[in-house]
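> Model the following, please.
(chains A and B)
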Amino acid sequence: MFGKLILDSFKHEESQNFAVLMMLLTGVGIIALISYLKLWKWLWREWLTTVDHKKIGVMYIVVVLLMFFKGFGDALMMRLQQALSVGDSHGFISSSHFQEVFSAHGTTMIFFVGMGVVFGLINLIVPLQIGARDVAFPFLNAVGFWLFAAAASLTMVSLAIGKFSTAGWLAYPPLSELEYSPNEGVDYWIWMVQIAGIGSTLAGVNFLVTILKMRCPGMTLMKMPIFVWSSLCTMALVVLAFPILTATLYMLTLDRYLGMHFFTAGGGGNPMMYVNLIWAWGHPEVYILILPIFGVFSEIVPTFSEKRLFGYVSMVWALIMITVFSFIVWLHHFFTMGASPDVNAFFGIMTMVIAIPTGVKIFNWLFTKFRGRVHFTSPMLWFFAFLLNFTVAGMTGILLSSPPVDFQAHNSLFLIAHFHGMVIGGVLFGLFAAFTYWFPKFTGFFLDEKLNRYAFWCWLGGFLLAFMPLYMLGFMGATRRLDHYDASTGWHPLFIIVGIGAAVLLCGASIQFLGLFWSIKNRKKNWDHTGGDPWNGRTLEWSIPSPPPVYNFAIIPTVDQIDPLWAVKRGQAPEPQQRHEDIHMPINTSMGLYIGILSLVFGFAMTWHIFWLAIVGFIAIVACMIIRLSGKDEHEIITIAQVKETEMAHLRSMKAHE
Amino acid sequence: MSKPLTIHHQDTLEAHADTRLPDPHQDVFSKTTLGFWIYLMTDCLLFATLFCTYAVLHNNTFGGPSSRQLFDLPTAFAETMILLVSSVTCGFGMLSALKNEKNKIIAWLAASFLLGAAFVAIELTEFTHLVQEGHSWSVSAFLSSFFTLVGTHGLHVSVGLLWMAVLMAQIFWFGVTVFTFRRLIVFSMFWHFLDLVWIFIFTFVYLMGVI
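Model (predicted):
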């Protein structure tokens, strides 16, 4: 009846019990708060059933923030353990639990924070920048989000029920095979990644078509904002890479559930096949995370330099080159596999080559600032920190790309310092910059700038403290995923510095978290009086009111150059014509939410081998899709009068705030 | 030919457009077909991954039987022919849709459905036969990759059968509308794609497996 689920599955170590208790309390607290404020109906109508890309984008970011705190908690536990567990002391978590913690940290941060950031930002910004009222497939977009949310929920469930995988964030076989990981941990991992991955593929199809088909009149490919270009390249990568992940996980599933021999040590299986396949997805994946951030900075730097982006065309070609090259460097993740020197040399050189387009971008941003009027706002501070960290981590990446060096440094903390420089110094700092930059667009008020700056300095200082010593530790021989070491290694002082750095990072994150609520509370003081263009922006999203109306553009703009809004402000392009029209918009549907919930049930049931429930869940998902695909018109009309009324209401509220 | 060809997705543009603006803003039809092409490419990559795995593992028989001992070329050839003919009937169904002949569409789709079902039935028989003789997927890496590659295609065909059944019901109730026509087009793309994948399976798995 309950498959492998037994009462013991609910018993954990103390640190985990505490986390589960906190999670339950938070959950109950949120439900109580919503009930107390009588917000259920509003939540259902405005958010849970929405197909509006802006709201879906906001929901992505909310899930990201929640998952970020989980992943951050994992990281803090590891750093605390490493600062304590030296010599006779064994720290506060057992080594088996430590393995669960680092697996959960990587999985959470890549799949539910990184990917969430990518799709959240693209949902929020891309339709506004291309002058579209909607995305190509609004329902598909909602389904993609709810699959992502279901997978994130499965991560949370795995915290409370049963064990998580101990096989690392990529679950290399043969360790992840049934023989060596007989419990439910790897199954949890498989299903959460599989569900999230399918959601990503759907979202990728949606945004490729949106960008290719729904640009406003006049916006040719070479007149798109760079953020849209980076999104286009990212979505191409998603569509090309994620099916490989799906197929690889599918084969691992068959190994574990049906006793097949794809990646097993026996039976003729080939574990290295898995490692190749997973990195054939995994390397494009890291570019999926960073390309949108390149786009973000390509918007922020010109805006705050009051100057057109330097080298637009070279920027576009650099993006395209990275997109192509990202598929021919995957082997650098396992030079030590034992491929021939020729093979290793090829992948080493390709890895060095891919640094060239990245360097082009860095110089383009620098030259954009040259002789510009640079405003030192907090998004620009994040940019400077990004530039520093990304360049340092990029250079250490080049070091690792040389196979002989890699043989020495692989699997050490040197590697950890390298890629955390990319994902924290790159992706996360980029997210913070984007969050600050576009926050007024979607709320109508600014984040508190002073708190932003405090948080920034904590993050920069904390990051340097927490990760620079790891380069040294790596050279001193400290391996990754280390839960205990001997005092004679001399690593202890450095690990203590790393721990202090993590604490400083926690300060930064806390300031941001509290700062968000502080800014919402004091929104009257931080109101954006321009009504839609707080930064003297250049692209189309700043030409419409903040927050944007449901239809985004009352009048679809016509564009004839890069930075169309800047051109209008400078008198280089005509003011848009004021001719309103009826607007067709898609209507809300709860089907996406249902499919998400059913996927969660399906994933949970498969993990615990409760096959009757899995079958019921699967049939219900198919039924939902058939019902949805048998419907008729999915649109409603917003009349001219309603559009005019909405626009007037915005003008009135702007006057009221003056 | 008594009736002239009419393209149904065109004359319904005004009624169901997203906005009143000219293209490219509201052509749902072209968005859907492009989106589906991209989806097919993702599916193609999924199969490519399985093909690669098969290529790497097909000699890892681990003491079990090899492809030469197991595969029956005439059966595979019969499957190929059945699937190809089902694509032809599906194509005739599309031509009927262009002419708005509801009953003919259903008839042609029913023919494709029966052929597709026959294909799945033959495949299942082949699989059961193999398993009963002790050559199941857990014997060796070769058999794992064989069952997975061919079985995944069979799973796709089965999904196609379900889809076809739903489509026939929709055509029966709603006739050829802008919605059902769009779904028909998309379905036929899917069905031809499966045909293409099968041709690769026939060539690389069965044909090269017995030579």
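
> For the closest residue to chain B within the stretch 51-200 of chain A, report the pLDDT, please.
Closest approach of the stretch 51-200 of chain A to chain B (C-beta to the nearest C-beta) occurs at residue A:136, with a separation of 4.8 Å. The C-beta positions use only the backbone N, C-alpha and C, and glycine is treated the same way. Residue A:136 is assigned a predicted lDDT (pLDDT) of 93.

> Pretty sure it sits in a strand.
No: remark: residue A:136 does not belong to a strand; assigned using DSSP: H, G, I helix; E, B strand; the rest coil, it is coil.

> So it sits against residue A:204, correct?
No: with contact defined as C-beta atoms under 8 Å, residue A:136 does not count as touching residue A:204 (11.7 Å).

> got the phi/psi numbers for the residue of the stretch 51-200 of chain A closest to chain B?
When quoted as degrees, to the nearest 10, the phi and psi of residue A:136 stand at phi -70, psi -40.

> need the contact list for it.
Under the criterion of C-beta atoms under 8 Å, 6 or more residues apart in numbering or on different chains, the contact partners of residue A:136 comprise A:206-207, A:209-210, A:213-214, B:31, B:35.

> Could you list which of the residues you listed belong to helices?
Residues of those located in helices (DSSP state H): A:206-207, A:209-210, A:213, B:31, B:35.

> Please produce JSON lines containing these, extended by distance to residue A:284.
Output for the ones in helices among the contacts of residue A:136, formatted as JSON lines (distance: C-beta to C-beta, whole Å):
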{"residue": "A:206", "distance to residue A:284": "18"}
{"residue": "A:207", "distance to residue A:284": "16"}
{"residue": "A:209", "distance to residue A:284": "20"}
{"residue": "A:210", "distance to residue A:284": "20"}
{"residue": "A:213", "distance to residue A:284": "24"}
{"residue": "B:31", "distance to residue A:284": "25"}
{"residue": "B:35", "distance to residue A:284": "21"}
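
> And those, which two are furthest apart?
Set against one another by C-beta to C-beta, the ones in helices among the contacts of residue A:136 have their most distant pair in A:207 and B:31, with a gap of 12.1 Å.

> neighbour-wise, which of the two wins?
Neighbour comparison, residue A:207 and residue B:31: the larger count goes to residue A:207, with 29 against 22 (by other C-beta atoms under 10 Å in any protein chain shown).

> Next one: that one from chain B, what distance?
Noted for residue A:207: a distance of 10 Å to chain B, by C-beta to the nearest C-beta, to the nearest Å.

> ditto for residue A:255
The gap separating residue A:255 from chain B is 8 Å, by C-beta to the nearest C-beta.

> mind listing what that residue touches?
Shown here is residue A:255, whose contacts under the criterion C-beta under 8 Å, 6+ apart are A:173, A:177-178, A:261-264, A:269, B:144.

> secondary structure element for it?
Here residue A:255, judged by DSSP states H and E, is contained in helix A:226-258.

> gap between that helix and the chain center?
Helix A:226-258 has its average C-alpha position 14 Å from the chain's average C-alpha position, going by C-alpha atoms, centre = their mean, to the nearest Å.

> downstream neighbour of it in the secondary structure list?
Scanning forward in sequence from helix A:226-258 by DSSP H and E, the next helix or strand is helix A:271-305.

> Now do the contacts for the residue lying closest to the residue of the stretch 51-200 of chain A closest to chain B once chain neighbours are set aside.
Leaving aside its chain neighbours, residue A:136 sits nearest to residue A:209 (3.9 Å; criterion: C-beta to C-beta, 6 or more residues apart in numbering or on different chains). Going by C-beta under 8 Å, 6+ apart, residue A:209 touches A:136-137, B:31, B:34-35, B:38.

> same thing but at 6 Å, please
Applying C-beta atoms under 6 Å, 6 or more residues apart in numbering or on different chains, one finds that residue A:209 lies in contact with A:136, B:31, B:34-35.

> Tell me the one of the residues you listed nearest residue A:512?
Closest approach between the contacts of residue A:209 and residue A:512, by C-beta to C-beta: residue A:136, at 33.5 Å.

> so how far is residue A:66 from that closest one?
Residue A:136 sits 28 Å away from residue A:66 when distances are taken as C-beta to C-beta, to the nearest Å.

> Helix, strand, or coil at residue B:92?
Under three-state DSSP, residue B:92 falls in the helix class.

> mind checking pLDDT for it?
Residue-level confidence at residue B:92 comes out at 97, pLDDT.

> So it sits against residue B:108, correct?
Yes: between residue B:92 and residue B:108 there is a contact at 4.7 Å, judged by C-beta atoms under 6 Å.
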